[in-house]
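[1] Fold the following and give me the result.
(one chain, ligands or ions: 2)
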Amino acid sequence: MSGPAPAVRGPSDGASEVAAVSMRGITKRFPGVLANDRVDFEAAAGEVHALLGENGAGKSTLSSILTGLYRPDEGEILLDGRPVQFASPRDALDAGIGMVHQHFRLVEPFTVAENVALGDRRDGRSLRLDRRRIEQRVSELSQRYGLAVDPRARVWQLSVGEQQRVEILKALYREARILILDEPTAVLTPQEAERLFVALRQMADEGRTVIFISHKLKEVLAVSRRVTVLSKGRSLVTVASAEATPRSLAALMVGRELDEAGTSRPGRIAGACLLEIEDLWVSGATGADALKGVSLRIHAGEVVAVAGVAGNGQRELAEAITGIRAPRRGAVRLEDRPLRGGDPRKAQAAGIAFVPEDRFGTGVAPGLSIASNLVLRSYREPSHSRGPLLRLSRIRARALELIARYKIAAPGPSAPVQPASGSCGPDRDATAVPGLWRWRTDDPRRGSPRERRRDWGAPRP
Ligand SMILES: Nc1ncnc2c1ncn2[C@@H]1O[C@H](COP(=O)(O)OP(=O)(O)OP(=O)(O)O)[C@@H](O)[C@H]1O
Ligand SMILES: [Mg+2]
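    Numbering: from 1, shown residues only. Ligands and ions are numbered 1, 2, ... in the order given. Okay, the predicted model is just below:
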């Protein structure tokens, strides 16, 4: 198992021979939504194949069908020309399909190596885990593909970019020959994304099929050999990336030519200094200094970008400003008034809002209703509570208003929040636009839709 070359076929030109993956006429319905409508999709061994589409186009649903998470209502899947049926994700794994989800599925207290080996049948056969061997194999894979991560680190200590590498290593460890990545660059800096592309191309050159899901046109063109465009649940067309432009793809995606209007705006002249950060020292999760004397002044009317590879203190900086993490030394001042460290409620009252990087982990309370999530920061205000009692009808009315205003795709305010979309392009962010947090109506694991609705509490229309 520790040999250098994976058991996959050699590179091919893809178009000529039998497709490694072929999905034909795939239809998947959720209550009130046709997520996939007779979708046809084909990808060859040896290629990075992009699946492109707007939010809600049905990309994640299609990949969940390919990984055995959902069963299609109609249609068939063929691997190397042979029809397959997946009763569970295990079947898809055994068939060599690996998936890196939009939202990672790692066990945070476990080490990288433990996460990689988790659920792997080969390691499960013996009573004792051979840690050394697993760690060594993880190091080999991570060196070979330039996916640097310490096999002994615990997952909660890792940046989001590093966690993604663990997910990819997990698929490689299982010798996946078809690797699906759902919006992988959403959590990466441009430099990290570029490094990921190099690794993906290398995997394809070795004969794997890499399915790259995205709605970022330039990235799709940079990494893929062919692109299949999905729109409103339908597969529109497959084109060679070399013959496409961002403009032609955008027109296909939205179904019309786009205006020429540029997005760049002239720089604005900044006003008075609003937020001042002075000599900030903050410890990170491991106890080591994550920020060492950071100073920064942010003016009214100014957009300030903090650039850097994930894991270099950006998260700690945001947490210190928003009062989540108390600094060891230094000050944060808003309009010349110092903010007390470690007091998120004060920071919020002072007017600081925060969209965290890990939106599912810290941005929302999954499982709580949409209405509850919408008042998580304001439930103490008289508009939402009186003494110890919540004003439930007002909270519900407020939720209805926000659902209408932001077009939240949900059956009603009492539906539980579930992140179905992690897309965060420059114009659409999963937490900034609450509409992108969807409710969950389909648990593929058990029961009929009616039973599942009962479990969740029937969503009121
Ligand atoms: N579990 C579910 N229950 C109900 N509706 C769902 C479920 N999963 C997806 N949908 C709906 O199916 C449609 C397709 O969603 P899907 O997540 O596949 O889109 P996507 O192309 O991956 O979008 P994004 O770019 O936002 O990730 C959407 O309208 C979505 O609301
Ligand atoms: Mg998706």
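[2] And the residue nearest the centre of this structure?
    residue 102 (2.9 Å; Cα atoms, centre = their mean).
[3] From ligand 1, how far off is that one?
    Noted for residue 102: a distance of 6 Å to ligand 1, by Cβ to the nearest ligand atom, to the nearest Å. Where you see a C-beta, it was placed from the backbone N, CA and C, and this is true even at glycine.
[4] Touching, that residue and residue 183? I think so.
    Yes: using Cβ atoms under 8 Å, residue 102 is in contact with residue 183, at 5.0 Å.
[5] List of residues touching the longest helix anywhere in the chain?
    Ranked by residue count and defined by DSSP state H, the top helix of the chain is helix 190-205. The contact list for helix 190-205, computed with Cβ atoms under 8 Å, 6 or more residues apart in numbering, reads 11, 46-48, 145-147, 161, 164, 168, 172, 179, 181, 184-185, 188, 210, 212, 219, 222-223, 225, 309-310.
[6] And these, which of them are buried?
    46-48, 145, 147, 161, 164, 168, 172, 179, 181, 184-185, 188, 210, 212, 219, 223, 225, 310 (16 or more other Cβ atoms under 10 Å).
[7] And for the closest residue to ligand 1 within the stretch 201-350 of the chain, the neighbour number?
    Scanning the stretch 201-350 of the chain for proximity to ligand 1 using Cβ to the nearest ligand atom identifies residue 215 as nearest, at 5.6 Å. Using other Cβ atoms under 10 Å, residue 215 has 22 neighbouring residues.
[8] who's in contact with residue 369?
    399, 413-417.
[9] Between which two of those residues is the distance greatest?
    The span of the contacts of residue 369, defined through Cβ to Cβ, is set by 399 and 416 at 12.6 Å.
[10] my guess is the residue of the stretch 201-350 of the chain closest to ligand 1 meets residue 50, correct?
    No: the pair formed by residue 215 and residue 50 falls short of the contact definition of Cβ under 8 Å, at 10.1 Å.
[11] beta partners for residue 51?
    Beta-bridge pairing for residue 51 (DSSP bridges): residue 213, residue 228.
[12] pLDDT score for it?
    On pLDDT, residue 51 comes in at 96.
[13] wouldn't it be in contact with residue 230 here?
    Yes: counting by Cβ under 8 Å, residue 51 does reach residue 230; the two are 6.4 Å apart.
[14] Mutual contacts of those two, please.
    59, 62.
[15] Strands of the stretch 251-400 of the chain, start to end?
    Counting by DSSP state E, counting those that start in this stretch, the stretch 251-400 of the chain has strands at residues 273-283, 289-299, 329-334, 337-338, 385-386, 389-390.
[16] could those be laid out in TSV, adding mean pLDDT, mean neighbour count and distance to residue 406?
    Converted to TSV, these look like this (pLDDT from 0 to 100; neighbours: other Cβ atoms under 10 Å; distance: least, Cβ to Cβ, whole Å):
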stretch	mean pLDDT	mean neighbour count	distance to residue 406
strand 273-283	94	17	27
strand 289-299	94	16	27
strand 329-334	95	17	27
strand 337-338	93	10	32
strand 385-386	93	14	23
strand 389-390	93	11	22
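[17] closest one to residue 305 among the ones you listed?
    Closest to residue 305 of the strands of the stretch 251-400 of the chain, according to Cβ to Cβ: strand 289-299, at 11.0 Å.
[18] Show the contacting residues for the spatially closest residue to residue 376 that is not a sequence neighbour.
    Leaving aside its sequence neighbours, residue 376 sits nearest to residue 365 (Cβ to Cβ, 6 or more residues apart in numbering; 6.5 Å). Residue 365 makes contact with 372-373, 376, 417 under the criterion Cβ under 8 Å, 6+ apart.
[19] Repeat the analysis, applying 10 Å as the threshold.
    Counting by Cβ atoms under 10 Å, 6 or more residues apart in numbering, residue 365 touches 372-373, 376, 416-417.
[20] ditto for residue 94
    Counted by Cβ under 10 Å, 6+ apart, residue 94 has contacts 68, 86, 88, 121, 174.
[21] separation between the last one and residue 415?
    When you say that, I think you mean residue 174. As judged by Cβ to Cβ, to the nearest Å, residue 174 and residue 415 stand 35 Å apart.
[22] ranges for the helices of the stretch 251-400 of the chain?
    Remark: helices assigned in the stretch 251-400 of the chain by DSSP state H, counting those that start in this stretch are 314-321, 344-349, 370-374, 392-405.
[23] Let me know how buried residue 71 is, in neighbour terms.
    For residue 71, the neighbour count with other Cβ under 10 Å is 13.
[24] ok, now the one 5 residues further on?
    By the criterion of other Cβ under 10 Å, residue 76 has 13 neighbours.
[25] who's in contact with it?
    For residue 76, the contacting residues are 22-26, 83-85, by Cβ under 10 Å, 6+ apart.
[26] still on that earlier bit, so which of residue 399 and residue 416 has more stuff around it?
    residue 399 (24 against 20).
[27] Go through the contacts of residue 365 and name the one nearest ligand 1.
    residue 416 (11.4 Å).
[28] Leaving out the residues flanking it, which one is nearest to the closest one?
    Nearest residue to residue 416 in three dimensions, chain neighbours excluded: residue 367, at 5.2 Å (Cβ to Cβ, 6+ apart).
[29] With ligand 1 in mind, check whether the helix or strand where residue 29 lies reaches it.
    Per DSSP states H and E: residue 29 is located in strand 21-30. Yes: judged by Cβ under 6 Å from any ligand atom, strand 21-30 comes into contact with ligand 1 at residue 30.
[30] In that strand, which residues are buried?
    Quick answer for strand 21-30 (16+ other Cβ under 10 Å): 21-23, 26-30.
[31] need these in a markdown table with pLDDT, can you?
    Below are the buried residues of strand 21-30 laid out as a markdown table (pLDDT from 0 to 100):
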| residue | pLDDT |
| --- | --- |
| 21 | 96 |
| 22 | 96 |
| 23 | 97 |
| 26 | 97 |
| 27 | 97 |
| 28 | 96 |
| 29 | 93 |
| 30 | 88 |
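[32] In CSV: those, plus distance to residue 333.
    CSV is the format used below for the buried residues of strand 21-30 (distance: Cβ to Cβ, whole Å):
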residue, distance to residue 333
21, 55
22, 60
23, 56
26, 56
27, 57
28, 52
29, 54
30, 49
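[33] so which pair among these is furthest apart in space?
    Spatially, the most separated pair among those is 22 and 30, at 23.9 Å (Cβ to Cβ).
[34] still on that earlier bit, ok, residue 174 and residue 415, which is more surrounded?
    More crowded of residue 174 and residue 415, by other Cβ under 10 Å: residue 415, with 26 against 19.
[35] list the contacts for residue 330?
    Residue 330 sits next to 277-282, 291, 293-295, 320, 341 when contact means Cβ under 10 Å, 6+ apart.
[36] I meant to write residue 23 there.
    Residue 23 sits next to 36, 39-43, 62-63, 65-66, 72, 75-78, 228, 235 when contact means Cβ under 10 Å, 6+ apart.
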